[in-house]
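K.L.:
fold the following, please.
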Amino acid sequence: VEFSRIGEDGAYLKIDSFINYRKEVNPDKIYDPIFKAINKENRKYLILDVRNNGGGSSEAKTRLLAHLIDKNFRTVKRITINTLDFEDTKQYLWTWDKSALNPNRLGFNKNPDGTYDMRPFVMEELQTVKPDKNQFKGQLIVLTSKSNSSASTNLLAALKNHREVTMIGEETGGSIEGVTAGVIFFMTLPESELRTRLPALRHYNDIDNFEIGKGIKPDINIEQNIDAFKNKQDIIYQAAVKYAQKNTQ
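P.N.:
Numbering: from 1, shown residues only. Coordinates of the predicted model:
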């Protein structure tokens with residue numbers, strides 16, 4: 001996470017990852033001081049740079065959204081799993097959350113097609129999030145790239161759906177509709193001993209409109225070119241600053 005000021009009116013916040021399970025920290029301990037400073041200094045616009053962010057942990061994403069959205073919201077409306085029965089394959093599976101291999105059926109509702117929906121009290125992402133008291137209400141500009149996926153694309157989807165935001169950069173990766181993640185099983189195939197990853201949960205984002213299988217198209221499409229790269233020029237960031245200064249009241 002990197003934070004800096006832009007002149008008297010602007011702020012720049014760069015978040016390159018939402019991964020928070022290797023060395024877990026409380027996201028608010030990082031976000032609160034930053035947004036307190038932005039609001040105390042009456043910064044009129046914020047450039048949020050997530051171009052290097054490929055996703056990570058839900059709480060890191062959700063707590064950032066709580067600092068950017070000024071009304072109650074939820075990021076996910078539904079989380080499903082195909083089966084709760086793993087007896088035939090359990091000996092070949094491993095995951096960091098061992099309880100996932102022995103799911104409590106009280107936490108799920110069975111659907112007519114045989115799949116299961118997770119109940120809200122089990123997963124925080126299904127619950128309503130309240131805005132943080134240090135939320136930023138000014139002009140928000142977000143820098144996007146092809147590297148965005150998973151939780152970072154979910155962040156962008158929520159911002160698009162719940163507040164005014166201008167996105168500048170490249171069309172993202174990932175799916176605006178939702179991800180297959182949350183719990184990932186690692187299966188070791190018994191004959192070849194090859195190991196593969198099996199995402200267990202299907203998330204459906206709480207958004208109004210999306211194109212199936214697609215990420216997010218920015219409002220202003222700009223791609224870094226070879227000449228700018230050679231000259232160490234960040235033309236996407238430069239365009240964002242120019243746009244912000246032109247549109248700041």
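
K.L.:
going by C-alpha atoms from here, please, whenever you check contacts or count neighbours.
P.N.:
Fine.

K.L.:
excluding its backbone neighbours, what's nearest R197?
P.N.:
The spatially closest residue to R197, leaving aside those adjacent along the chain, is F186, at 4.7 Å (CA to CA, 6 or more residues apart in numbering).

K.L.:
burial count for the residue nearest to S145 when sequence neighbours are not counted?
P.N.:
Spatially, and ignoring its direct neighbours in sequence, S145 is nearest to E170 (4.5 Å; CA to CA, 6+ apart). Taking other CA atoms under 10 Å as the criterion, the count of residues near E170 is 23.

K.L.:
can you check the one 5 residues further on too?
P.N.:
Applying the criterion other CA under 10 Å, we find 24 residues in the vicinity of S175.

K.L.:
quick one: residues contacting it.
P.N.:
Residues counted as contacts of S175 (CA atoms under 8 Å, 6 or more residues apart in numbering) are 149-150, 153-154, 212-216.

K.L.:
how about A66, phi and psi?
P.N.:
In this entry, A66 is assigned phi and psi values of phi -60, psi -20 (degrees, to the nearest 10).

K.L.:
please state the offset of stretch 52-63 from the chain centre?
P.N.:
Using CA atoms, centre = their mean, to the nearest Å, we find the averaged C-alpha position of stretch 52-63 to lie 5 Å away from the chain's own average C-alpha position.

K.L.:
L159 belongs to a helix?
P.N.:
Yes: the assignment for L159, made by DSSP: H, G, I helix; E, B strand; the rest coil, places it in a helix.

K.L.:
could you give the mean pLDDT of the helix or strand that contains P199?
P.N.:
If you go by DSSP states H and E, P199 is part of strand 195-205. The predicted model gives strand 195-205 an average pLDDT of 92.

K.L.:
who does whichever helix or strand comes after that strand touch, helix- and strand-wise?
P.N.:
Along the chain past strand 195-205, the next helix or strand (assigned with DSSP H and E) turns out to be strand 220-221. If you count contacts as 3 or more CA pairs under 8 Å, 6 or more residues apart in numbering; DSSP states H and E, strand 220-221 packs onto strand 166-169.

K.L.:
what lies in contact with the strand it packs on?
P.N.:
For strand 166-169, using CA under 8 Å, 6+ apart, the contacting residues are 140-145, 218-223, 236, 240.

K.L.:
so for that strand, mean pLDDT?
P.N.:
Mean per-residue pLDDT for strand 166-169: 98.

K.L.:
ok, it: who's next to it in the sheet?
P.N.:
According to DSSP bridges, strand 166-169 has the following sheet partners: strand 139-144 (parallel), strand 220-221 (parallel).

K.L.:
mind exporting the C-alpha coordinates of that strand to PDB?
P.N.:
Listed next in PDB are the C-alpha coordinates belonging to strand 166-169 (Å, rounded to 0.1, in the frame of the first residue of the first chain):
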ATOM      1  CA  THR A 166     -14.500   7.300 -13.200                       C
ATOM      2  CA  MET A 167     -12.300   4.400 -14.300                       C
ATOM      3  CA  ILE A 168      -9.300   5.100 -16.400                       C
ATOM      4  CA  GLY A 169      -6.900   2.500 -18.000                       C
END
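
K.L.:
show me where the protein dips below the pLDDT cut-off.
P.N.:
When residues are selected by pLDDT under 70, those of the chain lie in 249.

K.L.:
can you rerun that using 90?
P.N.:
Per-residue confidence for the chain (pLDDT under 90) gives these ranges: 20-24, 56-58, 86-88, 95-103, 121-125, 175-184, 200, 206-214, 223-232, 247-249.
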